[in-house]
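In: Give me a 3D structure for the following:
(2 chains)
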Amino acid sequence: MSSSTDAALRRQGPGGLGVPDRLSPQRGGLLQRRRSRLLGLLLLLVLVVGAATLSIAVGSRSIGLGAVWQALTAPGVPTEETVIIRELRVPRTALGLMVGLSLGIAGALAQGHTRNPLGDPGLLGVTAGASLGVVLAIHLLGVGTPGGYVWFAFAGALLGTVLVFSLGSAGRGGATPVTLALAGAALSALFYALVRAVLVSDTDSLDAFRFWVVGALAGRGADVAWQVVPFIAAGLVLALVNAPALDLLGLGEDVARGLGQRVWLARLVGLAAVTLLCGAATAACGPIAFVGLVVPHVVRAFTGPAHRWLIPCSGLLGAALLLVADVIGRVVVRPGELQVGIVLALIGAPFFIALIRRRRLATT
Amino acid sequence: MTATAERVRQPGETVVRIGPVSGRVRWRQVAVPLGAAVAVVLLSAVSLGRGDYPIGLADVLRSLVGLGEETQEFIVLGLRAPRIAVGALVGVALGVAGALFQTFARNPLASPDVLGITQGASAGAVAAIVLGGTASGLGVPLAALLGALVTGLLLLLLAWRAGIDGYRLVLVGIALWAVAAALVDWLLTRAEIHDAASAYVWITGSLNARSWREAVPLLVALAVLLPVALACSRVLGVVQFGDDTARGLGVRLVSTQALVVLVAVGLTAAAVAAAGPIAYVALVVPQVAVRLTGGPRPPLLASGLLGAVLVVGADLLTRTVLPQALPVGVLTAAVGAPYLLWLLVRGRRRSTL
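Out: You can find the predicted model right below:
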């Protein structure tokens, strides 16, 4: 009781007593926040472009920068190098960009809607649903290529989030952050139980599934990228529409309702965006857990909690992170590759822990 | 005086006075652990007689006191009893560990599964299986124990900065989880498919072929750690109100925090070494317990006993109802998760730990 009064007093400060000087530092703080956001956005754009360039230029086969440029601008006679650049590395980079963007944004949305620092899209049943879809496709239908998994993974992801949302909002209080998070965790548990029931008894399915579940960009051609483009585009639009509503919801559901926000609609739009974005990304590449979880925490450090900044910046950082991790995975164990999901966890986690220790992260 | 007590009293609780001592007893908080304890005993009794080779109740009792037929005695005392004992003890350990973490971090998702401790154990065990040949002997449980303890200590060290903040603990934990999960996935892709399959059974959590060799160390660990955990229970209730309030009420915050995390890590490590990371017991059971007892936070004893009910019951189901023997970890999630969902849908509490 007394501590909250203290905090309120501290927030108000002596400025509350009508000293005009006290107003200026606060305004300075706002300007500074604005500047740091713009600077951050610019930096992120540069990062994404740099990462995309790296991703096109670097690979297990070393190709000179001049040859890369020539292959991109004036292909002429298709040589082996131009084919590698135009048909392997460019689609792979494009897919990485889209997937990273989707995962970053889906993470920001999921954390906003569950108001839980652990809220990553996997929590809302997307990853578990997609895994179940893929396992059933392998086990029952004998599907065996990344391109073939896409639709099953997407259908599973859709089923997962729809169930989580309807069960999480079925209780008397409606879809609160806690019920959503718990419904997601419980349903994921159920789905993974089914996955395990299949895989424990069917070794052939395990053999195919273990290569899908690590999460990789390798082996996905342009066809996979084109399949997921419409869903990601729709998800992006919904996410941007959802941002102002999410800021209102952050004030508490009652306040948001009082300000004229239809809470269930906002939750529905947000969850639809998460499903489309994360479902499409998971369908294309397999589950990549770390991006959606970490990126919003990093971005929040310079954007603050406002979602109209947080969402685009999370997308950009997600794309840059995924591309860089993919490039590193191509280089470290030449001539083989380390899958991007593994690189992300091994590099991202220590960085994330350092960040947590260095500063007190803003709570969602 | 009596009038005040009447007014404060909630429905479903009784004020008990014995001489100068008085206290409130909430009957649901007494009834749920009692009911769970009875259920564990009953399930274990049924479980002793059921399986591929059913044995009648009279024969089970005769075998238990050492008067039975030799084969029956071997099946009851040598195969089924240790298996049930390991299952019940693992359930208790995981339930209590989950309740400790969830209360401490004030987060319903904070369980050893999410904080990376069981994944660390999986990484250790899978490494032992994949890099060291087939899954047999003492190597795998020891590797799992080491994996869990190393991850747990890393969690404590990395989250430590003049005390542990629940929020920081959760974030560090999820980072450790990601590393361990990536290691497991990577090792599985590197392995021969035969090794990968046996590793996969292990990381699902199984009670197959568990003997007294697993049960006894687990019992020792529980005998040491469980009293400490129960002793922490009261302090945990105070810590709920926030760090400053707890300090103001005279709690030695730093040592309490370290103790709680260490006890929870120890319980998890012991359980995982014995039976593998039996999925979601630590996540689901405390949440079920808090909804059944209606208290402010997951109750430790009820969580432990309900954990035992879940694991022993799931094991009984795998051996009797299902056409094919699945690892118990599949069933704990398949039984526990829908029950939590049902409680969520029906529940009237808007938000809780």
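
In: neighbours around residue 168, how many?
Out: The chain I'm using is chain A. 30 (other C-beta atoms under 10 Å in any protein chain shown). For glycine as for every other residue, the C-beta is placed from the backbone atoms N, C-alpha and C.

In: Actually, chain B is the one I wanted.
Out: Count around residue B:168 with other C-beta under 10 Å applied: 21.

In: Can you give me the buried ones in the helix or strand it falls within?
Out: Assigned by DSSP states H and E, residue B:168 falls within helix B:166-190. For helix B:166-190, a neighbour-count test (16 or more other C-beta atoms under 10 Å in any protein chain shown) marks B:166-188 as buried.

In: if we look at chain A, which of these are close to it?
Out: Contacts with chain A are made by B:167-168, B:170-172, B:174-176, B:178-179, B:181-182, B:185-186, B:188 out of the buried residues of helix B:166-190, judged by C-beta under 8 Å from any C-beta of the partner chain.

In: Select, from those, the two members most distant in space.
Out: By the measure C-beta to C-beta, B:167 and B:188 form the most distant pair in those, at 31.9 Å.

In: So residue A:325 sits against residue A:349, correct?
Out: No - between residue A:325 and residue A:349 there is no contact under C-beta atoms under 8 Å: 11.8 Å.

In: Dihedrals phi and psi, residue B:209?
Out: phi 60, psi 30 (degrees, to the nearest 10).

In: That one and residue B:63, how far apart?
Out: Distance of residue B:209 to residue B:63, given as C-beta to C-beta, to the nearest Å: 20 Å.

In: near chain A, which residues of the stretch 101-250 of chain B show up?
Out: B:107-110, B:114, B:158, B:161, B:165, B:167-168, B:170-172, B:174-176, B:178-179, B:181-182, B:185-186, B:188-189, B:193-194, B:196-197, B:200-201, B:204, B:242, B:244-245.

In: close to chain A, is the host helix or strand of residue B:344?
Out: Using DSSP H and E, residue B:344 falls within helix B:328-346. Yes - Helix B:328-346 lies within reach of chain A by C-beta under 8 Å from any C-beta, at B:329-331, B:333-334, B:336-338, B:340-341, B:344-346.

In: Nearest spatial neighbour of the residue in the stretch 51-200 of chain B positioned nearest to chain A, chain-adjacent residues omitted?
Out: Using C-beta to the nearest C-beta, the closest approach of the stretch 51-200 of chain B to chain A is made by residue B:182 at 3.5 Å. Residue nearest to residue B:182 in three dimensions, not counting chain neighbours: residue A:345, with 3.5 Å by C-beta to C-beta, 6 or more residues apart in numbering or on different chains.

In: same thing with residue B:278?
Out: Per C-beta to C-beta, 6+ apart, closest to residue B:278 is residue B:205, 3.4 Å.

In: Give me the neighbour count for the one you found.
Out: For residue B:205, using other C-beta under 10 Å, the count is 29.

In: so what's it up against?
Out: B:275, B:276, B:277, B:278, B:279, B:327, B:328, B:329, B:332 (C-beta atoms under 8 Å, 6 or more residues apart in numbering or on different chains).

In: For the second one, give its distance to chain A.
Out: Put plainly, it is residue B:276. 12 Å (C-beta to the nearest C-beta, to the nearest Å).

In: my read: that residue touches residue B:206, true?
Out: Yes - using C-beta under 8 Å, residue B:276 is in contact with residue B:206, at 5.7 Å.

In: Give me the common contacts of those two.
Out: Common neighbours of residue B:276 and residue B:206 (C-beta under 8 Å, 6+ apart) are B:327, B:329.

In: Please name the spatially closest residue to residue A:303 (chain neighbours excluded).
Out: Per C-beta to C-beta, 6+ apart, closest to residue A:303 is residue A:309, 4.0 Å.

In: for residue B:100, what are its contacts?
Out: Contacts of residue B:100 (C-beta under 8 Å, 6+ apart): B:229, B:232, B:236, B:260, B:263, B:264, B:267, B:300.

In: follow-up on the earlier one: between residue A:325 and residue A:349, which has more neighbouring residues?
Out: Neighbour tally, residue A:325 and residue A:349, criterion other C-beta under 10 Å: the higher count belongs to residue A:325, 28 against 22.

In: Compute the distance between that one and residue A:336, please.
Out: Residue A:325 is 16 Å from residue A:336, by C-beta to C-beta.

In: Next, name the residue at the spatial heart of chain A.
Out: residue A:103 (1.9 Å; C-alpha atoms, centre = their mean).
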